[in-house]
Structure formats: C-alpha cells, structure tokens
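In: let's see this in three dimensions:
(chains A and B)
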Number of protein chains: 2
Amino acid sequence: MHTPIAPEALLKQLNWRYAVKKFDPSRRVSAELWSVLEQALILSPSSYGLQPYRFVVITDQGVKDRLPPISWNQPQPRDCSHFVVFASRVGENAGDVDAYVKRIAAVRDVPEASLDGYKKMMLGTVNNMPEEELNYWAKAQAYIAMGFLLAAAAAVGVDACPMEGIIAAEYDKLLGLTERGYTAAAAVAVGYRAADDSNSTLKKVRFDPAVGVIRV
Amino acid sequence: MHTPIAPEALLKQLNWRYAVKKFDPSRRVSAELWSVLEQALILSPSSYGLQPYRFVVITDQGVKDRLPPISWNQPQPRDCSHFVVFASRVGENAGDVDAYVKRIAAVRDVPEASLDGYKKMMLGTVNNMPEEELNYWAKAQAYIAMGFLLAAAAAVGVDACPMEGIIAAEYDKLLGLTERGYTAAAAVAVGYRAADDSNSTLKKVRFDPAVGVIRV
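Out: Predicted coordinates:
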C-alpha cells in the first residue's frame, strides 16, 4: 500500500527551512540521518541519468577550518556538521557515457548491446555540445541535486544553507577536483541552526505568485 | 513542537519516484494538491533570494497538445496533468534587484534604505557578471527549483518527469517568454503514471557511492 507524506506536513517543513547563517558548531547530524540525506542526494535525477557530478562530503574539522577564507569569510563551512561540495564534471565525454552504460547493464542485468540506441543518443548530446555549454549543462544537473538535498533536509528537520559564494579555483585545488576532471559548482552546509541565528526569524520573501507564476 | 517527516518515509518516496515516460491522461492532480506543489515551487531557495525565473504552469489541453512537436515528440507534456516550464531570466539587471529590494521592504516592513548594503552586494554580482554567465546563473537557479519540485512531488506521491528535451526557442515563442525577458530552461511534467508505463519497473541506476561520493 502506497502511503505518501501528508502534503501539509511537507509544506510545514519547507516553511521551516531557511538559509542558515549561523550554525550551532556543537551539533552534528547523526550518522543514521546523514545516510538518509546522502541517499536522497544520490537519488537525484539527472539528464539521461548521467550524473555528471561528484558529491564531496566534508566532515574533517581541519579541512572545514580552511574553508571560510576561500568562501568570502562565511562561517557556515566551518561551523556546520556536513559540508557538501557539488563538483560538476568538466568535459563530460564518451568515456563517461561508456562507464554509465556499463553500470546500467550491470545493475539491470541486461546486455550492453541492448543499450546501443540509448548510448548513441547520449553520445549525440555529449559530443555535439560546445565545451562551455557542456560544462554548464553538467553544473545545472548538480543544481537539481542541490534542490533535492535542500528539500530532503528540510523534510527531515535538518538545517542547511546553499552557498554559491565559494571560490571554485581554490576549492578545486584544496579538494583535488581539477585532476579528477571536476570543478566546485556550489555547496550546501548541513547541520543545525544556532539558537541565536538572527536569520531564522526573518520573514520569507518571495515574489507575489500573481507575478511569479504564469498560468496557461 | 517540531515534528519533521520520518526519514524512512521520505526515502521510500524518493525510491518510488522515477522519470515517467507514460502518464495516465485521464488523471489530474487535484487543485488542493497542486496548490501545495506550487507553494513548494515558490519556496525554492535561490541566489540572494532573487528568483531570476518564472514558473509557467500549463493545464490548458489545447496548449498541451501543441507541445510534443516542440519537445522531440515526447508525449509527457500532452498527457500529464500540470506541465511546468521553468523560464529563467535573460539579462537580470538593476531593475530586477530594485523590484526585489522593494518586495523585501514590503514583506518585512522595513525601510528600503536598511537594505542598501544587501542591494549593493546584489548589484555587484548582477552588474559584473558577463551576460552569458549571468543567463546561465539564472538558469542554474531554476534548476534548484526543479529539484525542489521533483522532491516535493515524490514526497506527496505525485509522479513527474523532468524534461530538458524541449526546444527553447519554440517554447519561448508559444508562451510569449522572449518579450517578457525569459527563456524556457527546462520543464517538469506532473501527473500520474500510466499503469503500463514500462519505465516504472526498471531498476534505478546510480553510480556506486564509493565512486560518486568523495569523503573528506
């Protein structure tokens, strides 16, 4: 029997969510709860399912301490529990498509040849997109995962802060992303809000739906 | 008292989700449930809260019938219940920042002048990004909202299909997006899976977490 989550319970959580400016550095997300959020992250959909990204999960305090100076001095990377860097693929290529096709064949227990049509379609996309566009495409996929993680964390009552204010080149160097063929697209700090985070009491601001939603 | 959603209930829903290829054209998402999903959409976070996008919600069957030919003949836009086009801003500018600052001042009942520092920061970003990068930035924000909607729909037991295979120029023309200063970035078909959608029984394929997640 399929029993989804009550819509009003979800809305309550999404309204509870806000971009945390000050985390409580003494609180950590439990291993059990983190595992659920990590699974949510992995379950994010992406174009063709290609997942042109890696998730870097930073919990080492020594490393976290080095992040504010390369994040416009924002304290969240240091004070949160789990800091997730969304590393998007640079130069997605035929090799990536091939690895993915092999993975589909293995998981679904089907011959690789049965995926030839799908493979050709993916290669058509990957091989024909100009390099810059391709890298933006990979980044956009990572942003879907970002949205997924933010919604999932809010749902289960874990705080977060999405962060674009990170210096990608410095993150790439520190985390060894460049040599892996990835680059830091954005990040999400995950943890628990400090009791005195002044942002937590601010009213949410969104455009009037009459402006932001066009009904056809 | 804060009672978030049970983590295992959320995971169950995220595992239930898949990209629907064949919708049941006879089933419609109720107005009540849609209202929750639309609120989830609006609650999506964005850079500075600037929301450089509009959500086009298409329910008119006559319009939906015109979408497959400009969507690589995919049937989902026609057969789903609510078709959402994520229209991202083209050329976000000082006027957008100004409108947003006015909105913050109104919602939070604070003088506009108290937001001068924040405004300056946003203008610094918007005015200094090269046009192309700015448009990709706006598109990336829309992708966060896409992730948010997909997670929210799954949570409440509504099916969906994220779609990048839409011809933006044709959508822009049909929906009058160009003259509004927006462009179709991507779309999500929302509704209910057909009983015989063969995709619904396929095993999910994701990279091994040992590969996809880098722990630091």
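
In: please enumerate the helices of chain A.
Out: All helices of chain A, identified by DSSP state H, fall at A:7-16, A:31-42, A:61-65, A:76-79, A:94-108, A:116-128, A:131-155, A:168-175, A:177-180, A:209-212.

In: per-residue confidence at the residue of chain A found nearest chain B?
Out: Proximity of chain A to chain B (Cβ to the nearest Cβ) peaks at A:Gly147, 2.2 Å away. For every residue, glycine as well, the C-beta is placed using N, CA and C. Per-residue pLDDT puts A:Gly147 at 97.

In: so who does it touch?
Out: Going by Cβ atoms under 8 Å, 6 or more residues apart in numbering or on different chains, A:Gly147 touches B:44, B:143-151.

In: which of those lies closest to chain A?
Out: Using Cβ to the nearest Cβ, those come closest to chain A at B:Gly147, 2.2 Å.

In: distance of the residue nearest to that closest one when sequence neighbours are not counted relative to B:Gly62?
Out: Once flanking residues are discounted, B:Gly147 sits nearest to A:Gly147: 2.2 Å by Cβ to Cβ, 6 or more residues apart in numbering or on different chains. The gap separating A:Gly147 from B:Gly62 is 31 Å, by Cβ to Cβ, to the nearest Å.

In: lowest mean pLDDT among the helices and strands, pick that one out for chain A.
Out: helix A:209-212 (a mean of 91; mean pLDDT, DSSP states H and E).

In: can you list contacts of it?
Out: Contacts to helix A:209-212, defined as Cβ under 8 Å, 6+ apart, come from residues A:206, B:38, B:42, B:51, B:53-55.

In: make a PyMOL selection of whichever of the residues you listed turn out to be buried.
Out: Restricted to buried positions by 16 or more other Cβ atoms under 10 Å in any protein chain shown, the PyMOL selection for these reads:
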select buried, (chain A and resi 206) or (chain B and resi 38+42+51+53+54+55)
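
In: format the contacts of helix A:209-212 as JSON lines; extra columns: pLDDT.
Out: Compiled in JSON lines, those are given as follows (pLDDT from 0 to 100):
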{"residue": "A:Arg206", "pLDDT": "96"}
{"residue": "B:Glu38", "pLDDT": "97"}
{"residue": "B:Ile42", "pLDDT": "97"}
{"residue": "B:Gln51", "pLDDT": "98"}
{"residue": "B:Tyr53", "pLDDT": "98"}
{"residue": "B:Arg54", "pLDDT": "98"}
{"residue": "B:Phe55", "pLDDT": "98"}
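
In: where does chain A have low pLDDT?
Out: Applying pLDDT under 70 to chain A flags the ranges A:1-2.

In: contacting residues for the residue nearest the centre of it?
Out: For chain A, the residue whose C-alpha lies nearest the mean C-alpha position (Cα atoms, centre = their mean) is A:Met146; its distance is 3.1 Å. By Cβ under 8 Å, 6+ apart, the contact list for A:Met146 reads A:86, A:162, A:186, A:188, B:143-144, B:147.

In: which helices and strands does the lengthiest strand in chain A pack with?
Out: When chain A is parsed with DSSP state E, its longest strand is strand A:182-191. With contacts defined as 3 or more Cβ pairs under 8 Å, 6 or more residues apart in numbering or on different chains; DSSP states H and E, the packing partners of strand A:182-191 are strand A:53-58, helix A:76-79, strand A:82-89, helix A:131-155, strand A:159-163, helix A:168-175.

In: among the ones you listed, which is nearest A:Pro4?
Out: With Cβ to Cβ as the measure, helix A:131-155 is the member of the helices and strands packed on strand A:182-191 nearest A:Pro4 (11.9 Å).

In: what's the angle from that closest one to helix A:94-108?
Out: Put simply, helix A:131-155 runs at 40 degrees to helix A:94-108, going by axes from the mean of the first three to the mean of the last three Cα atoms, to 10 degrees.

In: show me what counts as buried in helix A:131-155.
Out: Result for helix A:131-155 [16+ other Cβ under 10 Å]: buried residues A:134-155.

In: start to end distance for stretch A:195-210?
Out: 35 Å (Cα to Cα, to the nearest Å).

In: buried sites along that stretch?
Out: Quick answer for stretch A:195-210 (16+ other Cβ under 10 Å): A:197, A:200, A:206-207.

In: of the residues you listed, list those near chain B.
Out: Contacts with chain B within these, counted by Cβ under 8 Å from any Cβ of the partner chain: A:206-207.

In: next, format the buried residues of stretch A:195-210 as CSV and append distance to B:Arg27.
Out: What follows is the buried residues of stretch A:195-210, written out as CSV (distance: Cβ to Cβ, whole Å):
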residue, distance to B:Arg27
A:Asp197, 43
A:Ser200, 39
A:Arg206, 29
A:Phe207, 30
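
In: now for the buried residues of stretch A:195-210: which two are most distant?
Out: So, those by Cβ to Cβ: farthest apart are A:Asp197 and A:Phe207, at 24.6 Å.

In: redo the contacts of helix A:209-212 as TSV? Include distance to B:Cys80.
Out: Shown next, in TSV, are the contacts of helix A:209-212 (distance: Cβ to Cβ, whole Å):
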residue	distance to B:Cys80
A:Arg206	25
B:Glu38	15
B:Ile42	20
B:Gln51	24
B:Tyr53	20
B:Arg54	19
B:Phe55	15
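
In: ok, the nearest residue to A:Ile214 once chain neighbours are set aside - contacts?
Out: Once flanking residues are discounted, A:Ile214 sits nearest to B:Val56: 4.6 Å by Cβ to Cβ, 6+ apart. B:Val56 is in contact with A:213-214, A:216, B:84-85, B:87, B:175, B:177, B:184, counting by Cβ under 8 Å, 6+ apart.

In: wait, which of the buried residues of stretch A:195-210 is closest to A:Pro111?
Out: Using Cβ to Cβ, A:Arg206 is the member of the buried residues of stretch A:195-210 that sits closest to A:Pro111, with 49.3 Å.
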